[in-house]
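Trainee: coordinates for the following, if possible.
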Amino acid sequence: MTGTVEPPEGFRTRGANPKGTRIVLIRHGEAYCNARGVVGGPVGCGGLTELGKAQARSLRDRLVRSREFDDAVALYTSVLPRAIQTARIISPGLPPHLAAVADCELCELHPGEADGLTWNEMVEKFGGPDWDNEPREPFAPGGESWLGFYERCEGAFASIVERHRGDRVVLVVHGGVIEQAMKIVERREPTARLKLLTENCSMTEIEFDGERRRLLRYNDRAPLAAE
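Mentor: The predicted model follows:
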């Protein structure tokens, strides 16, 4: 028998090397808003806890050893302190020429007037949105809806892919942003709620290649570089 016989589409467990735009989404380290049960917009964020800084340093140490992102051409963060601080800590593991660009389009869901309240206070004051039945309902007055959050993230990813065709880009963002990205990969409805458990300082990588979306890794916190 001559030549190589390829399995049918969908049977391969390892394919060709990625050729599209590779977006690496890194969730920030633990923040004070996470630890204190506070709605974490610009007011409530509080930046990284000591544990969050330690998580970011652990990721930095891995990236310094592995140099797995030395081909990255750009670094973006949200404008929230927990993302900016995480990017600053991990930067020694990234190419030295990358300067972080803060972009509000990459923020966690905008909480509006709930920003800085505890979750109990938020529910007492505003009741909490019923997104399973009304995904267009704002989180709180002046805040964003679940559907609006998806549409914002979808637009942000499309813009980054257009700007960096065929390259790898690192984004330091939030669990909610990563959930929206996973919905795009899985081609789920914009209103879907995946309720993922995305760990602090974990890495998720998605290839955008035309209409194709391929998940390359999710929730990667291994001590060694992924091959």
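Trainee: so where's the longest strand in this structure?
Mentor: Scanning the chain for the longest strand, with DSSP state E as the assignment, gives strand 212-220.
Trainee: in its sheet, what does that strand sit against?
Mentor: Note on strand 212-220: by DSSP bridges, its sheet partners are strand 203-209 (antiparallel).
Trainee: in the strand it pairs with, what counts as buried?
Mentor: By 16 or more other CB atoms under 10 Å, the buried positions in strand 203-209 come out as 203, 204, 205, 206, 207, 208. C-beta: built from backbone N, CA, C; applies to glycine.
Trainee: pLDDT on the longest strand of the chain, on average?
Mentor: For strand 212-220, mean pLDDT is 95.
Trainee: make residue 1 into 37 and carry on from there
Mentor: Renumbered: residue one is now 37, and that last one reads strand 248-256.
Trainee: chain center to it: distance?
Mentor: Remark: strand 248-256 is offset 12 Å from the chain centroid, using CA atoms, centre = their mean, to the nearest Å.
Trainee: ok, so of the buried residues of strand 239-245, who is nearest residue 153?
Mentor: Nearest to residue 153, judged by CB to CB, of the buried residues of strand 239-245 is residue 240 at 28.8 Å.
Trainee: before we move on, back to that, dump the buried residues of strand 239-245 to TSV, plus pLDDT and distance to residue 258.
Mentor: Shown next, in TSV, are the buried residues of strand 239-245 (pLDDT from 0 to 100; distance: CB to CB, whole Å):
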residue	pLDDT	distance to residue 258
239	97	9
240	98	13
241	98	13
242	98	18
243	97	19
244	97	24
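Trainee: could you dump these to CSV with distance to residue 59?
Mentor: Output for these, formatted as CSV (distance: CB to CB, whole Å):
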residue, distance to residue 59
239, 11
240, 9
241, 7
242, 5
243, 8
244, 7
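Trainee: all set, thanks.
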